[in-house]
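**Student:** Generate a structure from the sequence data that follows.
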Amino acid sequence: MTPETEAQLAQLRDIRLPDPISWWPLAYGWWLALALLCAAILSGIVYVRWRKQTARARALRELAAIPGDDPQAFATAVSVLLRRVARRKDAFAAQLSGPRWAEYLTGKGLRPDLATYLAEATYAPRGADAPTDDLRHAAAHWIRRQT
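**Tutor:** Model (predicted):
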């Protein structure tokens, strides 16, 4: 090397690396992604609540529309409706019948006498005294609690 080259090399400094890229403050794209994620979560929560309230209202309207003139048919229709409501949370509930159905209803908050009546009403003789008003009120309360 020539003295001239050595003098020029002596004037060089080490390469200075740039500062590392900071993660804060976030770029606009990250803020947008975060806002979209929050909006999606909030929309999902609102949608689930809306579906739940719609299902509850539909079940209560259907309960109110069941005619109470034939106690046996009324009890059967209420039992079918309660099975559909219960199936939304527990698919196994639709398979229950008789005493096991009564135990399930009692375990979920229905009065034991009404649960037993619902389980046995389909097979009871015609003309048996039936608590249709109590059953309608208790079923509405049960639907509100389960949905």
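**Student:** If I follow the layout properly, Arg87 ends up in contact with Ala93?
**Tutor:** Yes. Arg87 is within contact range of Ala93, at 5.7 Å (criterion: C-beta atoms under 8 Å). C-betas here are computed from N, CA, C, even on glycine.
**Student:** These two: who's more crowded?
**Tutor:** Each of Arg87 and Ala93 had its neighbours counted (other C-beta atoms under 10 Å), and the higher figure belongs to Ala93 (20 against 13).
**Student:** quick one: pLDDT of the residue most central in space within the chain?
**Tutor:** Of all residues in the chain, the one closest to the mean position by C-alpha atoms, centre = their mean is Val48, 6.0 Å from it. At Val48, the pLDDT value in this model is 94.
**Student:** And it, how far from Gly98?
**Tutor:** Note on Val48: its distance to Gly98, by C-beta to C-beta, to the nearest Å, is 34 Å.
**Student:** Ok, Leu114 next?
**Tutor:** Leu114 sits 15 Å away from Gly98 when distances are taken as C-beta to C-beta.
**Student:** next helix or strand past the helix or strand harbouring the residue nearest to the centre of the chain?
**Tutor:** When elements are assigned from DSSP states H and E, Val48 belongs to helix 28-65. Remark: after helix 28-65, the chain's next helix or strand is helix 71-87, criterion DSSP H and E.
**Student:** so Ala55 sits right up against Gln146, yeah?
**Tutor:** No. Under the criterion of C-beta under 8 Å, Ala55 makes no contact with Gln146, lying 10.0 Å away.
**Student:** Between these two, which has more neighbouring residues?
**Tutor:** More neighbours sit around Gln146 than around the other of Ala55 and Gln146, counting by other C-beta under 10 Å; the figures are 18 against 15.
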